[in-house]
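Novice: predicted model follows, preceded by the sequence.
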Amino acid sequence: MYQDVILDHYKHPHGRGLRDGDAEVHHVNPTCGDEITLRVRYEGSRIEDISYEGQGCSISQASASVLNDLLVGKDLGEAQKIQGVFLELMQSKGQIEPDDAMEEILEDAVAFAGVSKYPARVKCALLSWMAWKDATAQALDQEAKTA
Amino acid sequence: MYQDVILDHYKHPHGRGLRDGDAEVHHVNPTCGDEITLRVRYEGSRIEDISYEGQGCSISQASASVLNDLLVGKDLGEAQKIQGVFLELMQSKGQIEPDDAMEEILEDAVAFAGVSKYPARVKCALLSWMAWKDATAQALDQEAKTA
Amino acid sequence: MTTARQGLTGLLDTEAIRKDFPILERELHDGKKLVYLDNAATSQTPRQVIDTLSEYYEQHNANVHRGVHVLAEEATALYEGARDKVAEFINAPSRNEVIFTKNASEALNLVANMLGWADEPYRVDHETEVVITEMEHHSNIVPWQLLSQRTGAKLKWFGLTDDGRLDLSNLDEIITEKTKIVSFVLVSNILGTVNPVEAIVRRAQEVGALVLVDASQAAPHMVLDVQALQADFVAFTGHKMCGPTGIGVLWGRQELLEDLPPFLGGGEMIETVSMHSSTYAPAPHKFEAGTPPIAQAVGLGAAVDYLSSVGMDRIAQHEHALTEYAVRQLQSVPGLRIIGPTTAEDRGAAISFTLGDIHPHDVGQVLDEQGIAVRVGHHCARPVCLRYGIPATTRASFYLYSSPAEVDALVEGLEHVRNFFG
Amino acid sequence: MTTARQGLTGLLDTEAIRKDFPILERELHDGKKLVYLDNAATSQTPRQVIDTLSEYYEQHNANVHRGVHVLAEEATALYEGARDKVAEFINAPSRNEVIFTKNASEALNLVANMLGWADEPYRVDHETEVVITEMEHHSNIVPWQLLSQRTGAKLKWFGLTDDGRLDLSNLDEIITEKTKIVSFVLVSNILGTVNPVEAIVRRAQEVGALVLVDASQAAPHMVLDVQALQADFVAFTGHKMCGPTGIGVLWGRQELLEDLPPFLGGGEMIETVSMHSSTYAPAPHKFEAGTPPIAQAVGLGAAVDYLSSVGMDRIAQHEHALTEYAVRQLQSVPGLRIIGPTTAEDRGAAISFTLGDIHPHDVGQVLDEQGIAVRVGHHCARPVCLRYGIPATTRASFYLYSSPAEVDALVEGLEHVRNFFG
Ligand SMILES: Cc1ncc(COP(=O)(O)O)c(C=O)c1O
Ligand SMILES: Cc1ncc(COP(=O)(O)O)c(C=O)c1O
């Protein structure tokens, strides 16, 4: 499961650190203690930044780095589509062999395909993605209120 | 386990019915519902009568009949000795093969040797004997108080 | 005898089925073939289940959840896979509604305890009432007596009719606005009666009471569809349905399982623990404290597969035909009185009876000498014996491997008992 | 490595012992031999126990107690015989003091619940206190948190020293006249610490508090003598001592078991039941509601026979030697920090550690790829992780079949982990 891509992201995380954001969330995986604090900043429906701090296993840390890579700069609708595909891959119990079309969408994130065979680790891979989803909901909520 | 002797006592119980006594007890085997009401009458330390009414399986009923046979007319000390030997036999889990000496003491009651192999039935065989022991204790207690 | 058996339809090929059950080959008392008619107490275990257990210990044994090594993942997949199988077997809307317990008794106690510690609107306290019936197994009486002693709640019950059915004539007086829960048996283990769930559920829903169905004698013998039952909880036990001992099931509606407090505390049932406080995992784990009966759940999964491969509807049909035959044949034995319904209508395959004034212990013992295993006593339902004024009964109970020839053996055996004590 | 192993004395002939455990033959990940170092989570099962289970189901399966047929008598004799074996194994004064539960967690919950419902002088209520320690397994924390929430009793605990031992410096302030029960672990499943029972028991007796010892990690690994412990209750679990899942034990002093109220209600635990009230059977049956885990108790009996045939003192010696070797070798791995005592003194064979800042999940996963099974996480003892400021640990734990070669494999495996993430 430890693809080089994953190890690279783990050792050299992209976009790590907390910067300004519209909303901040803190997510914990109680069974293994993985933690992430994550902020999102939107410009309209465009994701300006995803910044984060966390501790945990290589899978959860690398996944946050990949998330940052993939979603920053994207439009919300596009990002949700990517998130949907990643979720599907992670819940596939190793049954999905990513094809070119999927690789086009998920880029480095296809490296997590092998993780989906390990139920105990799927939650690690999804931690930052769930945090992003939650933070986004809060940011939109806030915007709706102030609008 | 159903020796003819046991069946005989079951079908034609000796001394059945309630007559005058110094003490009366009512014992129940809650697991199978066997019941006995038993009275004892002493003349000094001599057992004048053991009378009883009961309902239950052939083993419990026959055992009461044998008890009546064996103990009525005996001196308390002698009766307790017999009771001790019967108890030993019943708790032997089929390991004791009654010899002549035991047969001398227990008479018809040796027929219960086979019952001792059936843990679920040992309590049935002992019901009346435990009732007799209890009634005797009460009778003696009473005598002590009135003396 | 052969003529009497004519016209029996819907029977299974018991000769084939019996080959799956090693114990049925046993000979007792110098060569008497085992005639096992004590299935309401426990069922026998097919080779498929025994092998599954051995394979579990020989190949996959590990503690479940949270493990990252191969064995832990295999054991977890097997254990959670068993939950899927059971969920499907009872047509549960969600696998998360299936809680593994050690037996049906723990499942029933679990509900009683949850309700004692629950918040409104579920809380059972001194202003509320709990309803059971007079034909319950002790495991569905004593937990409610304890709850009632400990909370002050009033315990009420439905009585029985002379022919062994629930007396629902006072349905509206027994189940009232004060009722918090109605707990009753789907199929009686002593009378064989199949109870009218719908009427009771309807009244319970009217007053907002919860319904717990004790399906210990139903799950092994008929199609059990928890959604069709419309109950809130359903309990049953593995060892009566070809499964191992040490495993039971509580099914409960998801919203309830979310709202209700835990019962036992410990490993597996928590989300996060500090010395000052803890939070609980979502159901079903919230109710499964400690290392669960892993191999036993896996074994129950295999049992459910086995039963499904035969078909629960076909098993029910088989038992119905056999019961019809048995009540008819038994009533031909002089002095025999069936305690419970005397026809096969709305009736399970457990038949209790008395034989003249021969004590059931004697009946059972003499049958045993002929290799015929029946149960005698009050069958953990003493109030039923009190109700019918008998100290105990003899009970013969059938399962998918029981055959008309075994009914005949029983009837012949009883003739022998009569002669013996005659 | 070979030189490092020199001087190891007291080891068992693991080559012979391993032949009894079919699962140890398993190969993982294309031909890697299983190195099973997750024994504190669950132990593996010897052929002797697996065969006993199969034989039970193939030959003797029946419900226990009250049956008059051969199978029921055999099953009862086997089940009660297992009680005798366990009683002897722990040197219980009486077989009636041995209660079968489904696991250690149920045993611990049973005591907490009994004390909540008990009469004086045992009753735990809002004026009283309950004492545990910071190194307890969640199964010995959450039941007391629940009891304390439900009764208002104050929950207190002993803290830990930096080197992983109980801090008893404030013994007299923690255990006071208000203390009703002190419940603590004999051997920690995360730190490996063996706790000083005597000092705690002495203080508890001084103030008249009951003592419950969680021996889940002790019973499998050392001579357990409940009389020598002088505790009031001792709990342990079958699956960690070569037995099946689904079976645990609570030992309790007879007078207490007589005085204390029942926990679960149901069949088997009653003396007589009417709709209005029930009376309870004497212990141990009072605490065994419903059909017990019969096959699992019988399997535990076989496990106890197996362990005794090897000798608990020799098993303890073996593990001591292995632990000594392991703590020494592990500390030679750069960046490895043992969480818990760093010598084999007063220490069991479970060794938790961290490896630099490599997350335990990653350590465990990469070890697994080499066929080495360890556990990672908080080991159901999260307060210990909080105390030492770590999210989780990797834990290797040994048993009678573990060998020095497996310690070497672990150390090599950890070197590989370091390189991989280095
Ligand atoms: C120290 C300790 N106590 C209690 C338990 C709980 O045992 P079980 O999960 O079998 O109930 C365990 C094992 O998980 C343990 O290690
Ligand atoms: C109707 C009914 N309910 C509950 C039970 C209790 O099941 P268990 O003993 O497996 O807990 C039984 C069987 O004994 C039963 O027949």
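Specialist: On my side now, so go ahead. Ligands and ions are numbered 1, 2, ... in the order given.
Novice: the residue most central in space within chain C is in what secondary structure piece?
Specialist: Among the residues of chain C, C:Ser216 comes closest to the average C-alpha position under CA atoms, centre = their mean, at 1.2 Å. In the assignment (DSSP states H and E), C:Ser216 maps to no helix and no strand.
Novice: all helices for chain A, in order.
Specialist: Ranges of helices in chain A, per DSSP state H, are A:4-11, A:58-71, A:76-90, A:100-106, A:119-146.
Novice: reformat these as CSV; add mean pLDDT.
Specialist: CSV is the format used below for the helices of chain A (pLDDT from 0 to 100):
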stretch, mean pLDDT
helix A:4-11, 94
helix A:58-71, 96
helix A:76-90, 96
helix A:100-106, 94
helix A:119-146, 91
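Novice: so which of those helices is nearest D:Gly299?
Specialist: helix A:119-146 (28.2 Å; CB to CB). (Glycine included, C-beta is placed from N, CA and C.)
Novice: just give the nearest non-adjacent residue to C:Val70, would you?
Specialist: Nearest in space to C:Val70, with sequence neighbours left out and distances taken as CB to CB, 6 or more residues apart in numbering or on different chains, is D:Leu28 at 5.0 Å.
Novice: who touches the one you found in this structure?
Specialist: The neighbourhood of D:Leu28, defined by CB atoms under 8 Å, 6 or more residues apart in numbering or on different chains, consists of C:70, D:34, D:368, D:371.
Novice: which of the helices of chain A is buried the deepest?
Specialist: Sort the helices of chain A by mean neighbour count, taking mean count of other CB atoms under 10 Å in any protein chain shown, and helix A:58-71 sits at the top with a mean of 25.
Novice: how distant is that helix from the center of its chain?
Specialist: Offset of helix A:58-71 from its chain centre (CA atoms, centre = their mean, to the nearest Å): 5 Å.
Novice: which SSE is C:Ala283 in?
Specialist: C:Ala283 belongs to no helix or strand, assigned by DSSP H and E.
Novice: how about it, what does it touch?
Specialist: Residues in contact with C:Ala283 (CB under 8 Å, 6+ apart) are C:96-97, C:99, C:252, C:254, C:257-258.
Novice: by neighbours, which of those wins?
Specialist: C:Gly252 (29 neighbours; other CB atoms under 10 Å in any protein chain shown).
Novice: and the pLDDT for it?
Specialist: For C:Gly252, the model assigns a pLDDT of 98.
Novice: circling back: out of the helices of chain A, flag the one nearest chain D.
Specialist: Among the helices of chain A, helix A:58-71 comes nearest to chain D, with 4.9 Å by CB to the nearest CB.
Novice: can stretch C:322-341 be found next to ligand 2?
Specialist: No - Stretch C:322-341 lies out of reach of ligand 2 by CB under 6 Å from any ligand atom, never closer than 13.2 Å.
Novice: ok, the residue nearest to the centre of chain C touching C:His137?
Specialist: Yes - in this structure C:Ser216 lies within contact range of C:His137 using CB atoms under 8 Å: 7.0 Å.
Novice: find residues that contact each of the two.
Specialist: Here C:Ser216 and C:His137 have C:185, C:189 as joint contacts, going by CB under 8 Å, 6+ apart.
Novice: pass me the low-pLDDT residue ranges in chain C, would you?
Specialist: Where chain C drops to pLDDT under 70, the residues are C:1-3.
Novice: which bits of it sit near chain B?
Specialist: For chain C, the residues in contact with chain B (CB under 8 Å from any CB of the partner chain) are C:359-362, C:365-366, C:376-378, C:385, C:391-392, C:420-421.
Novice: burial of the residue lying closest to C:Ser403 once chain neighbours are set aside, as a residue count?
Specialist: In space, and not counting its chain neighbours, C:Ser403 is closest to C:Thr14: 4.4 Å by CB to CB, 6+ apart. Counted by other CB under 10 Å, the residues lying close to C:Thr14 total 19.
Novice: who's in contact with C:Thr14?
Specialist: For C:Thr14, the contact set (CB under 8 Å, 6+ apart) comprises C:318, C:400-403.
Novice: gap between it and D:Ala218?
Specialist: According to CB to CB, to the nearest Å, C:Thr14 stands 50 Å off from D:Ala218.
Novice: which single residue of chain A approaches chain C most closely?
Specialist: Closest point on chain A to chain C, by CB to the nearest CB, is A:Pro30, at 4.4 Å.
Novice: hang on, that residue packs against C:Thr272?
Specialist: Yes - contact criterion CB under 8 Å: A:Pro30 and C:Thr272 qualify, at 4.4 Å.
Novice: and for these two, which residues touch both?
Specialist: With CB under 8 Å, 6+ apart, A:Pro30 and C:Thr272 have common neighbours C:Thr279.
Novice: does C:Val376 belong to a helix or a strand, and which?
Specialist: Going by DSSP H and E, C:Val376 is part of strand C:375-377.
Novice: sec struct for C:Pro121, please.
Specialist: Look at C:Pro121: counting by DSSP: H, G, I helix; E, B strand; the rest coil, its state is coil.
Novice: next, the closest residue to it other than its chain neighbours: phi, psi?
Specialist: Leaving out its chain neighbours, the residue that sits closest to C:Pro121 by CB to CB, 6+ apart is C:Gly208, at 7.4 Å. Main-chain dihedrals, C:Gly208, degrees, to the nearest 10: phi 80, psi 30.
Novice: burial count for C:Gly208?
Specialist: C:Gly208 is flanked by 10 other residues according to other CB under 10 Å.
Novice: with C:Glu120 instead?
Specialist: 6.
Novice: thought C:Phe398 was touching C:Leu37?
Specialist: Yes - if you go by CB under 8 Å, C:Phe398 and C:Leu37 touch, sitting 6.7 Å apart.
Novice: these two: who's more crowded?
Specialist: Counted by other CB under 10 Å, C:Phe398 and C:Leu37 do not tie: C:Leu37 has more neighbours, with 29 against 25.
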